[in-house]
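Visitor: starting from these lines, generate the structure:
(one chain, ligands or ions: 2)
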Amino acid sequence: MTSPEPARKAADLAGESDVYDVVVIGGGPPGEIVAQYAIADSTRTAVIVEHELLGGECSYWACMPSKALLRPVELLDAARHMPGVASLVAGRTIDVPAVLERRDGFTSHHDDKYQVQWANDTGIGVVRGHGRLAGPKQVEVTGADGATRIITARHAVVLATGTTASVPDLPGLRAALPWTSRDVTNLHEVPRRVAVVGGGVVACESASWLHGLGVQELTILVRGGGLLDRNEPFAGELVAQAFRDAGVKVLLHTGLDEVRRADPAATGEGRTHGGEVTLRFGDQTLVVDELVVAAGRTPASADLGLDAVGVDVGASHGFVTTDDQLAVRGVDGQWLYAVGDLTGRALLTHMGKYQGRICGAVIAARAEGRPTDGSRFTDLADDGRVPQVTFTDPQVASVGRSERQARDAGLDVEAVEYDMAGFAGSSLLRDGYVGRAKLVIDRTTDTLIGATFVGAEVAELVHAATVAVVGGVTLEQLWHVVPSYPTMSEIWLKLLEARSAGKAH
Ligand SMILES: Cc1cc2nc3c(=O)[nH]c(=O)nc-3n(C[C@H](O)[C@H](O)[C@H](O)COP(=O)(O)OP(=O)(O)OC[C@H]3O[C@@H](n4cnc5c(N)ncnc54)[C@H](O)[C@@H]3O)c2cc1C
Ligand SMILES: NC(=O)c1ccc[n+]([C@@H]2O[C@H](COP(=O)([O-])OP(=O)(O)OC[C@H]3O[C@@H](n4cnc5c(N)ncnc54)[C@H](O)[C@@H]3O)[C@@H](O)[C@H]2O)c1
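Guide: Ligands and ions are numbered 1, 2, ... in the order given. Next up is the predicted model:
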């Protein structure tokens, strides 16, 4: 893509115009990308309506701060497993203020001026306020002062409002003002005793940094039978074992019944929200200094004016469903689109940005009367080709379908597993390496349809697997994809050899 046309009016960039070619509600990464792609190489205008910070949850309360908190924890753990280095860090703990300061650098201290600068430099205007649909191609914006105005879209309105943390309606829970993902990513103090509710990605990642930053008594309460249960079962088992080895309690099949906090206090984001919290589950009680709720996400569709354009999201639990060109289902005229978490397709920044690229290209093509039948105009990856890395220790990196998902989809599959500790690349990385890998193979095409790697520093392995899954690479071809020695990629050869030796099931 070449540089966008710079000839937009100052009023467009300042968000003051009443008519734009494209209006995006919600300025997270997918919203930014869709605006960029929709106007690229043209004189079209776009505006993003954002009621909080341009850059969205990912930049300030999710991906960026969480990964900034996890990296030092991972580094210290790696040092502890390396003779000659371990003695240097023995008995030492993380420098929490330094880690939090670096984290705050990654969230730009919650100042979005560089994001706004990027938007303007890209030719995109920014309007501060709450956006909602007022009718076809009409967006009503309510500013912080309560004043409203209508912005009209010539071509398209894109909904990109994301999600917020869900806090289940359990007795006493909401009244206790528990921490959500916003607090735990932006913590300013490290409570001594913490309970984390949930067994998904946010729960596992946040438990990792809470433990690393010095929480002394940490308990994870999991309603289901395992951690990270959308992955291969061994992923959650290895992560749970690592937590237990580190002294973190992982309580499975443990649903929270009641929460009590005598003095909840709205002390601010990332500060302990009052005194002790008592949790009751079954016949047990647990007293902690703070409670983190990581129980999934609620789509931000409740106050979006969807009824004004006849969209009912009741059946999709509030998610706005789209076709594979990201046009909202049930709306005529090809003017309303949705991207990112709000669609419920895959709640991941990279997938939302991918949807943004496709949706922006579709809007641009339709605005110019070009056909939209090429593959660049269709979301193919969300259908069983989604990569994800969970940055726990061990990390979990996966793409495509798990064996269970593939079998449930009626595919004729075989699967092969191998111990990640069993070759030079991983054992050189750290002493006592623990991990496991698995390939899921479609027997009818002899192609890879899923891969999972669990272990330290496996994150970068998943892109090769993604290329193989998306490219339909056969297992026969993989024999000629030679991994360098001694690297983590040797796991590919080990898996192929295990399959040849008849160890697939
Ligand atoms: C703790 C945590 C860690 C995560 N880590 C990762 C990770 O490492 N990698 C990864 O890929 N994903 C990660 N995710 C998921 C990732 O944050 C989301 O997939 C991503 O933020 C989705 O982008 P979005 O733009 O769809 O939504 P959001 O980022 O939620 O952005 C939506 C934007 O819309 C605005 N908005 C909402 N309603 C309105 C309205 N009516 N009017 C105006 N503005 C509105 C909001 O203020 C917000 O800025 C993480 C999530 C969490 C909670
Ligand atoms: N590294 C990453 O890519 C990354 C990191 C964090 C979050 N994310 C994304 O953000 C999304 C949200 O993550 P999440 O962990 O909040 O959601 P999740 O859906 O992954 O996990 C939610 C957990 O909460 C539990 N739960 C739900 N309701 C409950 C209740 N009433 N009581 C007790 N437990 C309950 C569920 O059983 C599950 O274990 C995920 O889809 C994930 O993809 C990605």
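
Visitor: the stretch 151-300 of the chain: strands as residue ranges?
Guide: For the stretch 151-300 of the chain, the strands defined by DSSP state E, counting those that start in this stretch occupy 163-165, 193-197, 217-221, 249-251, 258-261, 277-281, 284-288, 290-293, 297-299.

Visitor: in a markdown table: those strands, plus distance to ligand 2 and mean pLDDT.
Guide: (Each C-beta comes from the backbone N, C-alpha and C, glycine too.) Below are the strands of the stretch 151-300 of the chain laid out as a markdown table (distance: least, CB to the nearest ligand atom, whole Å; pLDDT from 0 to 100):
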| stretch | distance to ligand 2 | mean pLDDT |
| --- | --- | --- |
| strand 163-165 | 7 | 98 |
| strand 193-197 | 5 | 98 |
| strand 217-221 | 7 | 98 |
| strand 249-251 | 11 | 98 |
| strand 258-261 | 11 | 98 |
| strand 277-281 | 10 | 98 |
| strand 284-288 | 14 | 98 |
| strand 290-293 | 8 | 98 |
| strand 297-299 | 5 | 98 |
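
Visitor: among these, which is the most enclosed?
Guide: Mean neighbour count (mean count of other CB atoms under 10 Å) peaks for strand 290-293 among those, with a mean of 27.

Visitor: quickly list the domain ranges of this structure.
Guide: Following automatic domain parsing, one gets these domains for the chain: 10-55+112-164+299-309+335-377, 174-295, 394-500.

Visitor: so who does the residue nearest to the spatial centre of the chain touch?
Guide: Among the residues of the chain, residue 348 comes closest to the average C-alpha position under CA atoms, centre = their mean, at 3.4 Å. Contacts were defined as CB atoms under 8 Å, 6 or more residues apart in numbering; by that measure residue 348 touches 386, 388.

Visitor: can you pull out the helices in the stretch 101-250 of the chain?
Guide: Per DSSP state H, counting those that start in this stretch, the stretch 101-250 of the chain carries helices over the ranges 113-121, 181-185, 201-213, 233-245.

Visitor: list the buried residues in the first one.
Guide: Along helix 113-121, these residues count as buried under the neighbour rule (16 or more other CB atoms under 10 Å): 115, 116, 119, 120.

Visitor: how about the CA coordinates for stretch 63-76, as CSV?
Guide: C-alpha atoms of stretch 63-76 as CSV (Å, rounded to 0.1, in the frame of the first residue of the first chain):
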residue,chain,number,x,y,z
CYS,A,63,-2.3,-6.8,25.1
MET,A,64,0.3,-4.0,25.7
PRO,A,65,0.4,-3.8,29.5
SER,A,66,-0.1,-7.5,30.0
LYS,A,67,2.8,-8.5,27.7
ALA,A,68,5.0,-5.7,29.3
LEU,A,69,4.3,-7.2,32.7
LEU,A,70,4.9,-10.8,31.6
ARG,A,71,8.2,-10.4,29.8
PRO,A,72,10.3,-9.6,32.9
VAL,A,73,8.7,-12.4,34.8
GLU,A,74,9.6,-14.8,32.0
LEU,A,75,13.2,-13.5,31.8
LEU,A,76,13.7,-14.0,35.5
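
Visitor: centre of the chain to that stretch, how far?
Guide: Counting by CA atoms, centre = their mean, to the nearest Å, stretch 63-76 is centred 15 Å from the centre of its parent chain.

Visitor: how close does the residue nearest to residue 80 when sequence neighbours are not counted get to ligand 1?
Guide: Of all residues not flanking residue 80 in the chain, residue 86 sits nearest, at 5.4 Å (CB to CB, 6 or more residues apart in numbering). Distance, residue 86 to ligand 1, by CB to the nearest ligand atom, to the nearest Å: 28 Å.

Visitor: quick check, residue 174 in contact with residue 167.
Guide: Yes - the pair residue 174 / residue 167 is scored as a contact, 5.6 Å apart, by CB atoms under 8 Å.

Visitor: more neighbours: these two, which one.
Guide: The residue with more neighbours, out of residue 174 and residue 167, is residue 167; 17 against 14, by other CB atoms under 10 Å.

Visitor: wait, that one sits on residue 293?
Guide: Yes - counting by CB under 8 Å, residue 293 is a contact partner of residue 167 at 5.2 Å.

Visitor: quick check, the residue in this structure closest to ligand 2?
Guide: residue 200 (2.0 Å; CB to the nearest ligand atom).

Visitor: tell me the contacts of that residue?
Guide: 228, 229, 230, 294, 295, 296.

Visitor: at 10 Å instead, please
Guide: Applying CB atoms under 10 Å, 6 or more residues apart in numbering, we find residue 200 in contact with 222, 224, 227, 228, 229, 230, 236, 294, 295, 296, 297, 390.

Visitor: same question, residue 312
Guide: When contacts are counted by CB under 10 Å, 6+ apart, residue 312 is found next to 306, 330.
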